[in-house]
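1. sequence and predicted structure, then a few things I'm wondering about:
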Amino acid sequence: MAAMNVSNAFLGAAPGVAAFNSLASLSEMSCRCRIGVRTTQTLINAKLVAASRLLDGLDAAIASNRLADWTGTAAEEYRTRLDRIARQSALLRDDMIATSRLLWSAGAA
C-alpha cells in the first residue's frame, strides 16, 4: 500500500474539496458559543492534522517493510497483520476526514 497524504484536507487545501476551516458561517451566529466552536475547531483540527501525519508515516513504513524475501508461517502472519493495520489506518483516516467535515460545518446549518 502506497503512503497516502491527506493532511492538507484538514486544512482545506485538498483539490476539489471545500475548505473545512471556513468560519464565514460563524460570523452570523448570535450566541456566545461562537468562541467555544472556534476553540474546538482549532484544537480538534490540530490533533487531526497531527494524527494524519502520523498515519502518513505508518503507511510509508508498512509499504517499505513488507520483507518480501522472508518466507514461512511467521512471515505470512507478519504480512497479514501489516495488511490489517493498513486497513485500520485507512478506516481511521476516512473517519477523521468525515469528523473534520462535520466539525467545520458547525454553525453552517
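-> That came through fine. Numbering: from 1, shown residues only.
2. which is the succeeding secondary structure element to the lowest-mean-pLDDT helix or strand in the chain?
-> Considering only helices and strands, the least confidently modelled element of the chain by mean pLDDT, DSSP states H and E is helix 7-10, at a mean of 44. Past helix 7-10, heading to the C-terminal end, the next element that is a helix or strand (DSSP states H and E) is helix 33-64.
3. run the angle between the helix or strand following that following helix and helix 33-64 for me.
-> On the C-terminal side of helix 33-64, the nearest following helix or strand under DSSP H and E is helix 73-104. In terms of direction (axes from the mean of the first three to the mean of the last three C-alpha atoms, to 10 degrees), helix 73-104 departs from helix 33-64 by 160 degrees.
4. so how far is residue 49 from residue 81?
-> Distance, residue 81 to residue 49, using C-beta to C-beta, to the nearest Å: 27 Å. C-beta coordinates here come from the backbone N, C-alpha and C atoms, glycine included.
5. give me the more crowded residue out of the two.
-> The neighbour comparison of residue 81 against residue 49 (other C-beta atoms under 10 Å) goes to residue 49, with 18 against 10.
6. quick check, pLDDT for the more buried one.
-> Model confidence at residue 49, given as pLDDT, is 95.
7. where does the chain have low pLDDT?
-> Judged by pLDDT under 70, the chain has its weakly predicted residues at 1-30, 32, 107-109.
8. again, only this time at 50
-> Filtered on pLDDT under 50, the chain yields the residue ranges 1-24, 109.
9. do you know how far residue 75 is from residue 58?
-> The spacing between residue 75 and residue 58, counted by C-beta to C-beta, is 20 Å.
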